[in-house]
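[1] Provided below are the primary sequence and the corresponding predicted coordinates.
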Amino acid sequence: MLQLDSISKTYADGTQALKQISMELGTGMVGLLGPNGAGKSSLMRTIATLQDADSGLITMNGVCVRSNPLFLRSQLGYLPQHFGVYPHISCRALLEHIAILKGLNDTEQRQAQIESLLELTNLTKVAERQVRHFSGGMLQRFGIAQALLGNPQVLILDEPTSGLDPAERLRLHKVLHEVAKTRLLLLSTHIVEDIEHLCANTYILIAGEVVASGSTDSLFKSLDGKVWQGAIDIEQLPADAHVLTENLYYGRQVYRVFAESQPHPAMTPVKPCLQDRYFLHLNGIEWGEC
Ligand SMILES: Nc1ncnc2c1ncn2[C@@H]1O[C@H](COP(=O)(O)OP(=O)(O)OP(=O)(O)O)[C@@H](O)[C@H]1O
């Protein structure tokens, strides 16, 4: 549906935010996982046609998006990382206002769509409340409802779960899962659990580059037999063993380590997870299969 070929972007101050990004995106939820400053928002804004790339190709169903931005915009819903709302207006009235701006002119159809989006995002009961009284999670669900007005085939969400408490995050996950059944949903996040819960396919973006991509489970299953865990003195690790993460469990420092064979007698093999693969790249660990 949406294809990116070697997209690059350098800002006026010389920051190279995107380096030769290529992606093939079909229906369903696709995760874009990366740390702060990786280029996620730059990529989202570029795909959403809010800024142009310096080079490369973006096509939507075969149509060149960089030269026909309106073609994608007419099928696009976008929720930026930070979005503003008119605070002194009810949720329903604001959706109505945005729907009209989006050109939903048929009153009956517009209202039916608003009702179904309120339902989908669990906002029906609070629809008459002013959005300024909304919690962070409600505000994000409102953001998704407004992005879905007009039934776009592509939905881009930039870090929608940032700052939400665990219960709100799970509530939002349910909404996103539902929404992605019938469209492409590109989800940018630095939260590994978001991707684990939601995305069948993932791109890992670090310093403007896609360093890994594929089905989410294949990304970490390839580390099978190479991840070890234990509370050891890391000075005793051999040179070809690399610390992925260190965690405290009840005051004890426990390391997860990447190594082709058992790096220390006190380390046991553990099932790899997406976080292991993510930290492999974040820590700049060289591995032949990356
Ligand atoms: N308008 C801009 N002008 C100059 N540099 C920019 C601009 N926007 C982003 N950058 C820089 O580009 C790089 C990528 O930033 P971007 O916001 O795309 O990353 P991100 O992965 O979304 O990070 P975060 O999660 O912190 O928002 C960073 O070094 C950032 O400082």
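    Sure, I can see it.
[2] now do the SS call for Asn247.
    Of the three states, Asn247 takes strand according to DSSP: H, G, I helix; E, B strand; the rest coil.
[3] for the spatially closest residue to Val65 that is not a sequence neighbour, what are its contacts?
    Leaving aside its sequence neighbours, Val65 sits nearest to Ile58 (Cβ to Cβ, 6 or more residues apart in numbering; 4.1 Å). Every residue, glycine included, has its C-beta placed from N, CA and C. Counting by Cβ atoms under 8 Å, 6 or more residues apart in numbering, Ile58 touches 2-5, 7, 46-47, 64-66, 72.
[4] ok, so of the residues you listed, who is nearest Lys226?
    Distance to Lys226, by Cβ to Cβ, is smallest for Leu4 among those, at 30.7 Å.
[5] host element of Ala147?
    Assigned by DSSP states H and E, Ala147 belongs to helix 136-148.
[6] find the least confident helix or strand in the protein, judged by mean pLDDT.
    helix 166-179 (a mean of 88; mean pLDDT, DSSP states H and E).
[7] which neighbouring elements make contact with that helix?
    Identification of packing neighbours for helix 166-179 by 3 or more Cβ pairs under 8 Å, 6 or more residues apart in numbering; DSSP states H and E yields helix 107-120, helix 136-148, strand 184-189, helix 192-198.
[8] how about these in a markdown table, adding mean neighbour count, distance to His242 and mean pLDDT?
    Conversion of the helices and strands packed on helix 166-179 to a markdown table gives the following (neighbours: other Cβ atoms under 10 Å; distance: least, Cβ to Cβ, whole Å; pLDDT from 0 to 100):
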| stretch | mean neighbour count | distance to His242 | mean pLDDT |
| --- | --- | --- | --- |
| helix 107-120 | 15 | 44 | 94 |
| helix 136-148 | 22 | 36 | 90 |
| strand 184-189 | 24 | 25 | 95 |
| helix 192-198 | 20 | 18 | 92 |
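[9] what's the neighbour count on the closest residue to Leu4 other than its chain neighbours?
    Spatial nearest neighbour of Leu4, excluding adjacent residues (Cβ to Cβ, 6+ apart): Met23 at 4.4 Å. By other Cβ atoms under 10 Å, 20 other residues sit near Met23.
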